[in-house]
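Student: what follows is a predicted protein model with its sequence.
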Amino acid sequence: MELLHTLCKIHSPSGNEGPIKKFLLDYINKNKSTWKQVPEVYADDEELQDCIILKFGNPRTAVFAHVDSIGFTVRYQNQLVPIGGPDAQSGYKLVGEDNFGPIECELEVNKDHQLFYKFGRPITTGTDLTFKCEFDETEEYVTSCYMDNRLGVYNALKLAEDLTDGVIVFSTWEEHGGGSVPFLAKFIYENWKVRQALIADITWVTDGVHPGKGVVVSMRDRNIPRKAFINKILENATDSGIDFQLEVEGSGSSDGRELQTSPYPFDWCFIGAPEENVHSPYEKVHKHDISCMIDMYKYLMKVL
Amino acid sequence: MELLHTLCKIHSPSGNEGPIKKFLLDYINKNKSTWKQVPEVYADDEELQDCIILKFGNPRTAVFAHVDSIGFTVRYQNQLVPIGGPDAQSGYKLVGEDNFGPIECELEVNKDHQLFYKFGRPITTGTDLTFKCEFDETEEYVTSCYMDNRLGVYNALKLAEDLTDGVIVFSTWEEHGGGSVPFLAKFIYENWKVRQALIADITWVTDGVHPGKGVVVSMRDRNIPRKAFINKILENATDSGIDFQLEVEGSGSSDGRELQTSPYPFDWCFIGAPEENVHSPYEKVHKHDISCMIDMYKYLMKVL
Amino acid sequence: MELLHTLCKIHSPSGNEGPIKKFLLDYINKNKSTWKQVPEVYADDEELQDCIILKFGNPRTAVFAHVDSIGFTVRYQNQLVPIGGPDAQSGYKLVGEDNFGPIECELEVNKDHQLFYKFGRPITTGTDLTFKCEFDETEEYVTSCYMDNRLGVYNALKLAEDLTDGVIVFSTWEEHGGGSVPFLAKFIYENWKVRQALIADITWVTDGVHPGKGVVVSMRDRNIPRKAFINKILENATDSGIDFQLEVEGSGSSDGRELQTSPYPFDWCFIGAPEENVHSPYEKVHKHDISCMIDMYKYLMKVL
């Protein structure tokens, strides 16, 4: 969990994914020689911006893990504008850096739901702030900001260790309107005809999804993936013997939405651990669901 | 109208268009040798998912008819989540099938507009339900669920009988966020440079659109097609002598939206019969408007 | 400012950009021989609809200026439906033309915010109306309808006079859902690998953006461009010595949104003068901000 902790601390709100790209490239280049299959690494800034693509063997399926997070942008005076849909409550600690140095300030929400920061000095307009990471691990749970989606990234890096055939895609901007999946989809479809995708992301604990009951296979959210593909996933998930739960929602979205509306015929399915305290500094995930998520990805990437 | 009745009964909510694809492929392969021009049939699952493309002669214009319908997905316990925007009223009969067998149950809507089913046993999570088809034909009207858009599909199949040059596209997911039109547009533009499209879909009876007054040519809805193309359609529609009505709306959308935002320079126009009782089990269309729709498509596909 | 006045008067609501395309092509063909570098002009109706692309030398960066405007479509009886998001107030004068001749009528808004026209005769369904141009120039300000975005177009034409390397794109439909940027992005990326874009459009005077304080460089609106590119712009803007202001907003959008979600890895930044009385007949822009906008574009297109 040391790696997960490190990932959760990296400042990388939507639009500013440079820092986590750098970390991931370093990690991949340091570790890839120990992996079962050494992947081809694609990370050209001009072609892929702050995204990374790893290609292992003869891929049939791609795993998408977004590397960005929700956060806040400093507007004028002490005003803040949200990045994505953060849970905003007075007293949350925010961190960042501007030309005057590092920042640790406090979020303030007034009764009209307007957002402000409290800090000893003005912060430069346009500076982005993220939750301060207070990582906590117990026997059963991991709690931290940005489990969504550093856990998906962690899952992808664990999968990478013994993946023989497949693509791993680290995408950007997922929390705020998207924008990288269209060119990523183009890249992997045009180069390798890959048109199956698993979305490695974090979902919600609800009245039908419970912590500790296994990884979630989402049958739909705001978007409806193709039934034929979902059925194929479910058959394989059942065969795997790994604990999993079904999800059916009318809202919520993911990189799957952009795959569906891309000019390429992608099938996709969202598979991820559920969390409590969504988009807050205290995103809480059960460890059994984390290990089921990793096991399920390792299993599915072999059989799909 | 036997064919239309058969089409209206097929279970095919957005995301689960496999059954209607199978029916259409069977119908096309059985009948195409009797058509004036035998089309090339494209229906590869890997390339086109559950869509079908028919290519006749040297095409200049494509007709888009979506094959999916609105419906409901079973969530947890007896909860339902809508597929698309169904008219939901307590007492409507819903049908479907899960691993325990066929289902005919009843829709229940509580005062908070939450949706439930009433049935003698639990239904498997993720099962999709559609309205039970109660097809009714009088001298003047046809009433059934899913006239939207089985009538557009019927229109396309009637058009196919004597079409010499053109493309017919059966698209998916239209009722729920779209997703197939981008790759369909890519396919027909890149293969045949087709960049004119008619959207064969069903619209609304309003204070300006009346049953029995002819097919509707929509000048705009939520989306605004290019004026130059609309004018060209209207000139030809006038020349045709076939009854038609103009529509101008600020809301509503169709496959035209996705053509407009695709990376291909499509011109498009929505042309279809108007209905009452939109998205209910009792979608009601005047027979004169149906025959005007078919006649108009046959005429326009010759002259555009 | 004569050219700006002329541009503001041209009837060209979203979807009906034919008239301004014709004007621009005439202007470009008449003037391009006097420009420092004669551009290649792309304006094929089948490939680019009502858009125009000018290619100068070896381009690295594209400037996007949308040519459409907000307005109104005549529905049934005396009803109007908005095109884009016009400021609608009773008494505003609207102009247009239908098959019965030219129109100058009055906008009427009832207490339910429904829109009507007052005119001596019925206007043909589907006719589009725009604000009557009442251009006013003082020592400090220019006031007119459609400064958004005829000023962006004017800026592009001024830039064209001494641009040596770059692309200028005149786009359509920006005010109403977009639709041309996807194929424009495809064209300039696939032909010349151009993947940097500046959005020449008009923004708002707010509590952080003031008239007369210089051109606005927007760090974000509803969409968040890539931080690395924004920082590059800001460094160069600072070096330029030209007055500019920073903007940070949570809402508002531009052609940048469609570049971001296109299947091409575009970086983009919105740069434009701020206005008061947004989307009304009295859009008011400070002349200093206009000259800073033109100077900034000339500077940035050299150094980016």
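Tutor: Noted; the coordinates are in hand.

Student: for chain A, what lies in contact range of chain B?
Tutor: Applying Cβ under 8 Å from any Cβ of the partner chain, one finds that chain A approaches chain B through A:195, A:206-208, A:219-220, A:222-228, A:230, A:246, A:248-250, A:257, A:260-265, A:267. Bear in mind the C-beta positions are built from the backbone N, C-alpha and C, glycine included.

Student: which of these fall in helices?
Tutor: A:227-228, A:230, A:257, A:260 (DSSP state H).

Student: now for the residue nearest to A:Glu47 when sequence neighbours are not counted: which residues touch it?
Tutor: Nearest residue to A:Glu47, sequence neighbours excluded (Cβ to Cβ, 6 or more residues apart in numbering or on different chains): C:Pro265, at 6.0 Å. Contact analysis of C:Pro265 by Cβ atoms under 8 Å, 6 or more residues apart in numbering or on different chains lists A:46-49, A:180, A:183, C:195.

Student: before we move on, the earlier item: in strands, which of the residues of chain A next to chain B appear?
Tutor: Among the residues of chain A next to chain B, the members falling in strands (DSSP state E) are A:219-220, A:246, A:248, A:267.

Student: of the residues of chain A next to chain B, just the buried ones, ChimeraX syntax please.
Tutor: Filtering the residues of chain A next to chain B down to the buried ones (16 or more other Cβ atoms under 10 Å in any protein chain shown) takes a single ChimeraX command:
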select /A:195,208,219,220,223,224,225,226,227,230,246,248,249,257,260,261,262,263,264,265,267
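
Student: dump the ones in helices among the residues of chain A next to chain B to TSV, plus distance to chain C and pLDDT.
Tutor: As requested, those are exported to TSV (distance: Cβ to the nearest Cβ, whole Å; pLDDT from 0 to 100):
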residue	distance to chain C	pLDDT
A:Lys227	26	97
A:Ala228	25	97
A:Ile230	25	98
A:Arg257	11	97
A:Gln260	13	97
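
Student: and the furthest pair within these?
Tutor: Greatest spacing in those, by Cβ to Cβ: A:Ala228 and A:Arg257 (18.6 Å).

Student: return the helix or strand encompassing A:Val217 as PDB; C-alpha atoms alone will do.
Tutor: For A:Val217, the host element (DSSP states H and E) is strand A:215-220. This file holds the C-alpha atoms of strand A:215-220, laid out as PDB (Å, rounded to 0.1, in the frame of the first residue of the first chain):
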ATOM      1  CA  VAL A 215     -15.300  -5.700  -6.800                       C
ATOM      2  CA  VAL A 216     -18.200  -4.100  -8.600                       C
ATOM      3  CA  VAL A 217     -19.200  -4.900 -12.200                       C
ATOM      4  CA  SER A 218     -21.400  -2.000 -13.400                       C
ATOM      5  CA  MET A 219     -24.100  -3.000 -15.800                       C
ATOM      6  CA  ARG A 220     -24.900   0.600 -16.400                       C
END
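
Student: strand partners (parallel or antiparallel) of that strand?
Tutor: strand A:244-248 (parallel), strand A:267-272 (antiparallel) (DSSP bridges).

Student: now do the last one: everything it contacts.
Tutor: Meaning strand A:267-272. By Cβ under 8 Å, 6+ apart, strand A:267-272 touches A:151-152, A:155, A:195-203, A:215-218, A:221, A:225-226, A:228-230, A:233, A:247, A:254-256, A:259-260, A:293, A:296-297, A:300, B:49.

Student: who are the contact partners of the residue of the stretch 51-200 of chain A with the smallest separation from chain C?
Tutor: Using Cβ to the nearest Cβ, A:Tyr76 is the residue of the stretch 51-200 of chain A that sits closest to chain C, at 3.4 Å. Contact partners of A:Tyr76, counting by Cβ under 8 Å, 6+ apart, are A:125, C:207-208, C:248.
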